[in-house]
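1. Below are the sequence and a predicted model for it; my questions follow.
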Amino acid sequence: MSTSSVIVEPLDTTVKEISPRETTNAIRSWACDFNITHRALKEILSIIRHDYGDKDLPMDPRTLIRTPQRTGMTFKSISGGQYWHQGLEICLKKSFEHLTEDIQIELNVNIDGLPIHRSSKYQFWPILCNVHQMPHIPPMTVGIFLGKIKPQNITEYLTPFVEELISVLSKGVKVNNHAVGVKIRCIVCDSPARAFIKGTTNFNGINGCLKCTIEGEYSYVSRTVTFPKLNCVLRTDEKFRRKEYGRHHKEDSPLLKIPGLDMIKDFVVADSLHLLDLGIMKRCLVGWRDGTLGFKAKMCASDIAKLTNAILRTKLPSEIHRSLRGMDCLAFWKGSEWRAFLNYVGIVVLKDYLSSHVYNHFLVLFVAVTICSCSIYAEYLSLAQHMFECYIIEFKNIYGAECVTSNVHNLEHIVGDVIRFGPLPSISSYPFENALFQIKRQLRHGQNSLEQVANRITEKSSLPLKIQHAEYPAIKRIGNIQFSSVQCYIKSEFFLSTNFKNSWF
Ligand SMILES: [Zn+2]
């Protein structure tokens, strides 16, 4: 090739000037993102100021990352511990700081407890919200309780949130001179938290079902309450508010004051993380391995080893970010591993290790869950309802009536939630799990845990909002994305590509 045809572009040798303000902002953002301690930050600030002569940087790390003054924070003592209320309006103003038009949003609310250390009984009970229409906005922390036990008085715990919510629902929030109209979409929690915040009897009590009037039966075999009946009368908001459900009611929850909230239908039971992944799938696989589910036979060691090998060799599609561990690590599997097993891996690897009856029973669950997981299958929801009911009946036949616990019974209520709100990924507590983990991760030492977390959250609120990638649904909505020639466009919400991870269907 002739060299004369090659045009050499001159190198751009100009060095971009970085203003002191940009440096300050960049260090502040880095310190907050990586949870850098004040001591380490002070050291690095001193090095930069001294060695690089940057005298515009503050000397005090607290000034740089805008740690709030102790006097400016309010920690309220309530029964069982302390509560810090950041406020819903503050959270919404931060989330919509770049708003350019009036909008209407729907909030999903999540309330759950999490232990903060393995070595102590202290636990956080955060009140989190996210915006249904904007899954890229991280969940907002409206308030947090800290105590050695869960909040002992739901009125004290929930009233600051409920009172502010009532005002926000009626007046909306003004941001950048634009109106944010707010509605409550649903409340997503695990079973114990759901019963606690509603002021009802525990989920595994005789009258524990939040959706229907089934009366559980105590089993002396499993020493739990079981729920073998189907198609019991559904509870209604009107009767719940009139306290017509006898022993189901324990106390009045402040949530009753939220206008328009349906105390039955707006509380999601179909939370795939707790009900399906950490619930049914975990119980079945551990039960098959250890012989703890109904039939007493365990899997033999060689089958466990072969199944582990099959799980580890399975190649997963691109929406699964975490590879699965073997059958010897089931106690450590995270929710996402159970989710991947139920939605993808199980139907492939289990076939050779379960009897055909048990395997076909699992397939019924798999198909019903698949139908409920994506809007493109919406026309089959009545079939999914039928399959869940068949699954519950056969569960009783295969494993025994004493194994039909609250989780198994709640499968009957999944389709009702999906019809009301949309596919399972839109009503799961997965988005909140990461937020809960992040709250705990911000602790640097064992003292003043609530103050530490409140400080870190307030420091971060001075940074530009970091949007997150929405995970799931399994089949992505493509919108206006341009397709390259290696992608095969099947229908409005579905594409295949030559990339291995996106070539499955
Ligand atoms: Zn029920």
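-> Done, it's in.
2. And for stretch 266-278, what's in contact with it?
-> Stretch 266-278 has contacts (CB atoms under 8 Å, 6 or more residues apart in numbering) with 184-191, 194, 198, 210-211, 335-336, 338-339, 342, 369, 372-373, 407, 410-411, 413-414, 416-418, 421, 424-425, 427-430, 433. The C-beta positions use only the backbone N, C-alpha and C, and glycine is treated the same way.
3. Inside helices: which ones of the residues you listed?
-> Secondary structure from DSSP state H places 191, 194, 198, 335-336, 338-339, 369, 372, 407, 410, 414, 416-418, 421, 430, 433 of the contacts of stretch 266-278 in helices.
4. Considering only the contacts of stretch 266-278, which also neighbour the ion?
-> Near the ion, judged by CB under 5 Å from the ion, the entries from those are residue 211.
5. circling back to that earlier point, pull out the buried residues from the ones in helices among the contacts of stretch 266-278.
-> With neighbours counted by 16 or more other CB atoms under 10 Å, these contain buried members at 191, 194, 198, 335-336, 338-339, 369, 372, 407, 410, 414, 416-418, 421, 430, 433.
6. Identify the residues contacting residue 410.
-> 191, 209, 211, 269-270, 275.
7. Looking at the residues you listed, spot the one nearest residue 465.
-> Residue 465 has its nearest neighbour among the contacts of residue 410 in residue 270, at 29.6 Å by CB to CB.
8. before we move on, what SS does the closest one have?
-> Classification of residue 270 by DSSP: H, G, I helix; E, B strand; the rest coil places it in coil.
9. Residue 174 looks like it's in a strand, true?
-> Yes: per three-state DSSP, residue 174 lies within a strand segment.
10. If any of the contacts of residue 410 are buried, put those into a PyMOL selection.
-> Selection of buried members from those for PyMOL, criterion 16+ other CB under 10 Å:
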select buried, resi 191+209+211+269+270+275
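11. Tell me the one among the contacts of residue 410 nearest to the ion.
-> residue 209 (3.3 Å; CB to the ion).
12. That closest one is in contact with residue 405, isn't it?
-> No: using CB atoms under 8 Å, residue 209 makes no contact with residue 405, being 11.5 Å away.
13. who touches both of those two?
-> Counting by CB under 8 Å, 6+ apart, the shared contacts of residue 209 and residue 405 are residue 227.
14. which regions of the stretch 51-200 of the chain lie under the pLDDT threshold?
-> Scanning the stretch 51-200 of the chain for pLDDT under 70 picks out 70-72.
15. could you pull out the strands for it?
-> Along the stretch 51-200 of the chain, counting by DSSP state E, counting those that start in this stretch, strands occupy 75-78, 81-85, 103-111, 114-115, 123-131, 140-147, 173-175, 178-188.
16. My understanding was that residue 245 contacts residue 213; is that so?
-> Yes: here residue 245 reaches residue 213: they are 7.1 Å apart, a contact under CB under 8 Å.
17. Pull up the overlap in contacts between these two.
-> Between them, residue 245 and residue 213 share the contacting residues 207, 235, judged by CB under 8 Å, 6+ apart.
18. Okay, strands next: where are they in the stretch 401-505 of the chain?
-> Assigned strands in the stretch 401-505 of the chain, in chain order: 487-491, 494-497 (criterion: DSSP E, counting those that start in this stretch).
19. weakest of the ones you listed by average pLDDT?
-> The weakest mean pLDDT among the strands of the stretch 401-505 of the chain belongs to strand 487-491, with a mean of 63.
20. what's around residue 185, how many residues?
-> Using other CB atoms under 10 Å, residue 185 is surrounded by 22 other residues.
21. Now do the same contact list for it.
-> By CB under 8 Å, 6+ apart, residue 185 lies in contact with 106-108, 132, 266, 421.
22. which among the residues you listed gets closest to the ion?
-> Proximity of the contacts of residue 185 to the ion (CB to the ion) peaks at residue 266, which lies at 15.9 Å.
23. before we move on, back to that, in CSV, list the contacts of residue 410 along with distance to residue 230.
-> Output for the contacts of residue 410, formatted as CSV (distance: CB to CB, whole Å):
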residue, distance to residue 230
191, 19
209, 12
211, 13
269, 15
270, 17
275, 17
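24. Let me know the closest of the contacts of residue 410 to residue 38.
-> residue 191 (40.1 Å).
25. tally of neighbours for residue 386?
-> Look at residue 386: counted by other CB under 10 Å, it has 14 neighbours.
26. Need the pLDDT of it.
-> For residue 386, the model assigns a pLDDT of 97.
27. can you tell me which residues contact residue 94?
-> Contacts of residue 94 were listed using CB under 8 Å, 6+ apart, and they are 140, 461, 465.
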